[in-house]
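Engineer: With the input below, show me the fold.
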Amino acid sequence: MNKKYDVVGIGNALVDIEFQVKDEFFELNKIEKGVMTLVDEDRQNHLMKVIDTEHAKKQCGGSAANTVIAVSQFGGRSYYSCKVADDELGHFFTNDMKEAGVDNNLDHNNLEQGITGKCLVMVTEDAERTMNTFLGITQDFSVNEVNESAIKESEYLYIEGYLITSPNAREAMKHAKKVAEEVGTKTALTFSDPAMVKYFKEGFDEVIGEGVDLLFANEEEAILFTGREDLLEAREELKKVAKRFVITMGKNGAMIFDGDTFIDIEPYPTVSIDSNGAGDMFAGAFIYGITNGHSYASSGKLASMASSKVVSQFGPRLKWHEAKEILGRLNP
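Structural biologist: Numbers count the residues shown, from 1 in each chain. Predicted structure coming up:
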């Protein structure tokens, strides 16, 4: 029986504000380069005053939000459970998600008071992205935001690793996974960021429980999570927690375990301008592929093409026509 959705994502709802900086900006403002750092509202307000917001790009984001939008852009059916506030950015997020073709749990008339989360994405000339995130109301993401009926009507539940930092969100992750498992919806998890694995390993162990159907990690996250010395050892260890998994390796492509064998995915030559959202795009294109009749190898190829395109421009999304062109290259 066909399900209503290819994927239901749960994750943070953030408005991404992306801008270019030079390395000196980090030194002047005491920012750690190349990682995602959670900041409080005062800290973020301070940074907002010293950046050129007029030329910054703004769109709805959050790791899993980027992934479910990618699924939609390729022609898939996706749903997103998240939390925004009844403020200007909350309404912006809701409208942007609607325009991206993603069903969601948000209702303009039923939003809570508070502050919508936002992520300052600072991009340097070496294409490295550094994020300072104020979670705002998305920090209160809980079981209440989990749409059980949408999960039951989906092929996959996709869980964002960034949720692991909040106890109530961690409960929501476990609850959503349990709902999925009870009805035969497959479970997918992304680690999201090496810092999440480094500081919240026990939380991930708790959420993963007896295992997930599909795991997304980059090379550093795979090694950190398994505590192994190298990728060859780490990938063997990952078999214990995931039936299938994808390890992205930046300019070296990706490695997929399809449950039986390892598949090497070649990288596509590109000039990297902004790495923000590359992993999210890879996951979205890959999930679209495996839920729409493509093999794991073909889905990996699609994901590699899509992520190489997204790093060649600013922002974590493709344009609609770019997604169609990439699909055309896959199916000439």
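Engineer: Which parts of the stretch 51-200 of the chain are helices?
Structural biologist: All helices of the stretch 51-200 of the chain, identified by DSSP state H, counting those that start in this stretch, fall at 63-73, 88-99, 148-152, 167-183, 194-199.
Engineer: Below-threshold pLDDT in the stretch 151-300 of the chain: ranges please.
Structural biologist: The stretch 151-300 of the chain contains residues with pLDDT under 70 at 274, 276.
Engineer: pLDDT score assigned to Thr317?
Structural biologist: No, residue 317 isn't Thr; it's Arg. In this model, Arg317 is scored at 84, pLDDT.
Engineer: now swap in Arg129 and tell me
Structural biologist: For Arg129, the model assigns a pLDDT of 83.
Engineer: follow-up on the earlier one: dump the helices of the stretch 51-200 of the chain into JSON lines; add mean neighbour count and distance to Arg129 as well.
Structural biologist: In this view, the C-beta of every residue, glycine as well, is placed from N, C-alpha and C. Formatted as JSON lines, the helices of the stretch 51-200 of the chain follow (neighbours: other C-beta atoms under 10 Å; distance: least, C-beta to C-beta, whole Å):
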{"stretch": "helix 63-73", "mean neighbour count": "30", "distance to Arg129": "12"}
{"stretch": "helix 88-99", "mean neighbour count": "18", "distance to Arg129": "20"}
{"stretch": "helix 148-152", "mean neighbour count": "19", "distance to Arg129": "30"}
{"stretch": "helix 167-183", "mean neighbour count": "19", "distance to Arg129": "23"}
{"stretch": "helix 194-199", "mean neighbour count": "18", "distance to Arg129": "14"}
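Engineer: For Cys82, find the nearest of the ones you listed.
Structural biologist: Cys82 lies closest to helix 63-73 among these, at 6.8 Å (C-beta to C-beta).
Engineer: Glu322: which of the helices of the stretch 51-200 of the chain is closest?
Structural biologist: helix 63-73 (8.3 Å).
Engineer: buried residues in the helix or strand hosting Ile263?
Structural biologist: Applying DSSP states H and E as the criterion places Ile263 in strand 262-265. Using 16 or more other C-beta atoms under 10 Å as the test for burial, strand 262-265 gives 263, 265.
Engineer: hang on, the earlier thing: now tabulate the helices of the stretch 51-200 of the chain in JSON lines and tack on distance to Gly136.
Structural biologist: Formatted as JSON lines, these follow (distance: least, C-beta to C-beta, whole Å):
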{"stretch": "helix 63-73", "distance to Gly136": "14"}
{"stretch": "helix 88-99", "distance to Gly136": "9"}
{"stretch": "helix 148-152", "distance to Gly136": "24"}
{"stretch": "helix 167-183", "distance to Gly136": "13"}
{"stretch": "helix 194-199", "distance to Gly136": "19"}
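Engineer: and of these, who's closest to Ile326?
Structural biologist: helix 63-73 (9.5 Å).
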